[in-house]
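Enquirer: A structural model of the following input is requested.
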Amino acid sequence: MSRILHVPRRFAIDEWGGTESVIYNLCKEQQKLGFQPEIHTSRALAPLPREVWRDIPIRRYRYCYPFLGLSEADVHALDKKGGNLLSLDLFFHLLAAKDVRIYHAHVLKRMGGAVLTAARYRKKPFVATLHGNIFDVPKAEAASIVEAQEGHFEWGKPFGAIFRSRHLLEDADAVLCVGYSEYEKAKAALNHDRVHHLPNGVTAEAFAHGDRAKGRALLGWPEDVIAFGCLSRIDPQKNQLLLVESFANLVSGNPDQSFRLLLGGPVTAPAYREEIVSLIRESGLEQLVTLHPSVVAESELHQNLLAALDAFVLPSRHEPFGIVVLEAWAAGLPVIASNVGGLQMLVSHEKDGLHFPPGDAAALTAALRRIAMEPGLGRALATAGYSKMTGQYTWKAVNERLEEIYQFAESRHR
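Expert: All right, here's what the predicted structure looks like:
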């Protein structure tokens, strides 16, 4: 049986996010085709060396950040988001792997270079997916990702040279971009014709059985409130602070209505979460806003939390794709999203969702008010979104396209 080795920077069940959803669902589809997909990753935020999760084997390897003088807090911050780690343990296991069809990296830098080097040594195809982490990230955020390692001597640079990390995208047999904006930028930046746009997908049936009553009981919400929510990473990129500000404006401007707001997801920026908590307190919203921990996508809890909502909001400052929008559509919800990055292509304003300019609290407040006061609009947007999702963004369709790209990559090695 041919093995397909998926290599993300980390794969932590308790820190579930969009990348984990993508990799897991691709693995499920590849199993249906008779392949043997596996996840090989670091032990960042998940120290268990081996596990089989929902029939997908996961193997995790020892790693480090090759910088002198990092504190435990620095390492944890790098684990949470964007750390340029080194795992020779992973590299040597990939190098020794047998019966491999494809080496598929979902990470760049040193770790991605290690995957590339193993693939080249074994004379196997190497494919890299960009989950919105290179060509379509604002400079300020790119700087914040590596903030924890600033000022520390980097002794790992020779490994980057050995693994050709800086040439990874030029050397890849295929480069996949989940967002169309990043696809266009990657095509312009890379001097080859091996860049492909491969959007994310969703398992529609996984969200068909959400229980609104159970979700609201869990959250302690009455049935008659109008509820908005954002289930995504608690991170400045997602801009939940703007949502809280706009929600506060909605509440103060509509005293005869009862509203609730749900913010849930893994916390990748603890200081940012504290800012959100402070704003909630200062705005007097403690009884109206619920902060919920991360949940595993497609779980019963995830379904019930989405079912408890009347609309889903994604106020991101930048967004390569927005898989949570597909999940919201699958749950039958109307969507409000900032008009940035992949969301510009994914959501069609006034047809299957509402756009607002990024960072514009007044515009977001107006969109929230429209959904609250025009229930017919919300139902129409939700219906159109569900139709788009089932017609264009199933995992079966995504994997069929991925299989074509794999075969294209394999043709370069014949």
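Enquirer: contacts only, for Met111.
Expert: Taking CB atoms under 8 Å, 6 or more residues apart in numbering, we find Met111 in contact with Val7, Arg9, Ser42, Asn84, Leu85, Leu86, Ser87, Leu90, Ala105. Just so you know, the C-beta spots here come from the backbone N, C-alpha and C atoms, and that holds for glycine as well.
Enquirer: from these, which single one is nearest Glu147?
Expert: Set against Glu147, the nearest of the contacts of Met111 by CB to CB is Asn84 (12.5 Å).
Enquirer: neighbours around that closest one, how many?
Expert: By the criterion of other CB atoms under 10 Å, Asn84 has 22 neighbours.
Enquirer: swap in the one 10 residues further on?
Expert: Other residues within reach of Leu94 by the criterion other CB under 10 Å amount to 24.
Enquirer: contact partners for it?
Expert: Contact analysis of Leu94 by CB under 8 Å, 6+ apart lists Leu5, Val7, His40, Tyr103, Ala114, Val115, Ala118, Ala119.
Enquirer: in a markdown table: these, plus secondary structure, pLDDT and neighbour count.
Expert: Shown next, in a markdown table, are these (DSSP: H, G, I helix; E, B strand; the rest coil; pLDDT from 0 to 100; neighbours: other CB atoms under 10 Å):
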| residue | secondary structure | pLDDT | neighbour count |
| --- | --- | --- | --- |
| Leu5 | strand | 98 | 23 |
| Val7 | strand | 98 | 26 |
| His40 | strand | 98 | 23 |
| Tyr103 | strand | 98 | 28 |
| Ala114 | helix | 98 | 29 |
| Val115 | helix | 98 | 28 |
| Ala118 | helix | 98 | 25 |
| Ala119 | helix | 97 | 27 |
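Enquirer: nearest to Lys351, of those?
Expert: Using CB to CB, Val7 comes nearest to Lys351 of the contacts of Leu94, at 37.8 Å.
Enquirer: so the closest one bridges to which residues?
Expert: Applying DSSP bridges to Val7 yields these beta-bridge partners: Ala105.
Enquirer: could you measure from it over to Leu168?
Expert: Between Val7 and Leu168 the computed distance is 12 Å (CB to CB, to the nearest Å).
Enquirer: quick check: neighbours shared by these two?
Expert: The contact sets of Val7 and Leu168 overlap at Ala105, Gly112 (CB under 8 Å, 6+ apart).
Enquirer: picking up where we left off before, which among the contacts of Met111 end up buried?
Expert: Buried members of the contacts of Met111, scored by 16 or more other CB atoms under 10 Å, are Val7, Arg9, Ser42, Asn84, Leu85, Leu86, Ser87, Leu90, Ala105.
Enquirer: which among these gets closest to Ala380?
Expert: Using CB to CB, Arg9 is the member of the buried ones among the contacts of Met111 that lies nearest Ala380, at 39.9 Å.
Enquirer: ok, for that closest one, nearest residue in space, not its chain neighbours?
Expert: Once flanking residues are discounted, Arg9 sits nearest to Val107: 4.2 Å by CB to CB, 6 or more residues apart in numbering.
Enquirer: I'd say that neighbour and His6 touch.
Expert: No: between Val107 and His6 there is no contact under CB atoms under 8 Å: 10.1 Å.
Enquirer: what are the ranges of the strands in the stretch 51-200 of the chain?
Expert: Counting by DSSP state E, counting those that start in this stretch, the stretch 51-200 of the chain has strands at residues 56-61, 100-105, 126-130, 174-177, 195-197.
Enquirer: for Val289, find the nearest of those strands.
Expert: strand 126-130 (33.6 Å).
Enquirer: strands paired with the closest one, and their directions?
Expert: Strand 126-130 pairs in its sheet with strand 100-105 (parallel), strand 174-177 (parallel), by DSSP bridges.
Enquirer: out of the ones you listed, which is closest to Leu70?
Expert: Ranking the strands paired with strand 126-130 by their distance to Leu70 (criterion: CB to CB) puts strand 100-105 first, at 24.2 Å.
Enquirer: how far away from the center of its chain is the closest one?
Expert: Relative to its chain's centre, strand 100-105 lies at 21 Å (CA atoms, centre = their mean, to the nearest Å).
Enquirer: run a quick neighbour tally on Val52.
Expert: 8.
Enquirer: do the same with Ala366
Expert: Counted with other CB under 10 Å, the neighbours of Ala366 add up to 15.
Enquirer: and the helices in the stretch 151-300 of the chain?
Expert: Using DSSP state H, counting those that start in this stretch, the helices found in the stretch 151-300 of the chain span residues 157-162, 168-171, 180-189, 212-219, 240-253, 270-282, 300-307.
Enquirer: tell me the domain ranges of this structure?
Expert: Following automatic domain parsing, one gets these domains for the chain: 3-201+394-411, 204-392.
Enquirer: nearest to Leu263, of the helices of the stretch 151-300 of the chain?
Expert: helix 240-253 (5.4 Å).
Enquirer: what helices or strands is the closest one leaning on?
Expert: Contacts defined by 3 or more CB pairs under 8 Å, 6 or more residues apart in numbering; DSSP states H and E place helix 240-253 against strand 226-231, strand 259-264, helix 270-282, helix 361-373.
Enquirer: related to what we said a few turns ago, among the domains of the chain, show the one with the smallest mean pLDDT.
Expert: Of all those, domain 3-201+394-411 carries the lowest average pLDDT, namely a mean of 93.
Enquirer: starting at the chain centroid, how far to it?
Expert: 13 Å.
Enquirer: ends of that domain, how far apart?
Expert: 17 Å (CA to CA, to the nearest Å).
Enquirer: next: stretch 190-206.
Expert: End-to-end span of stretch 190-206 (CA to CA): 37 Å.
Enquirer: for stretch 328-343, same thing?
Expert: First-to-last residue span, stretch 328-343, CA to CA: 13 Å.
Enquirer: buried residues, it. List them.
Expert: 328-338, 340-343.
Enquirer: which of those residues fall within strands?
Expert: Val335, Ile336, Ala337, Ser338 (DSSP state E).
Enquirer: tell me the one among the residues you listed nearest to Ala372.
Expert: Ile336 (11.0 Å).
Enquirer: distance of the closest one relative to Ser21?
Expert: Separation of Ile336 from Ser21 (CB to CB): 21 Å.
Enquirer: and which of the contacts of Leu94 is nearest to Gly353?
Expert: When the contacts of Leu94 are ranked by distance to Gly353 (CB to CB), Val7 comes first, at 33.5 Å.
Enquirer: contacts only, for the closest one.
Expert: Applying CB under 8 Å, 6+ apart to Val7 gives the contacts 39-41, 90, 94, 103-107, 111-112, 115.
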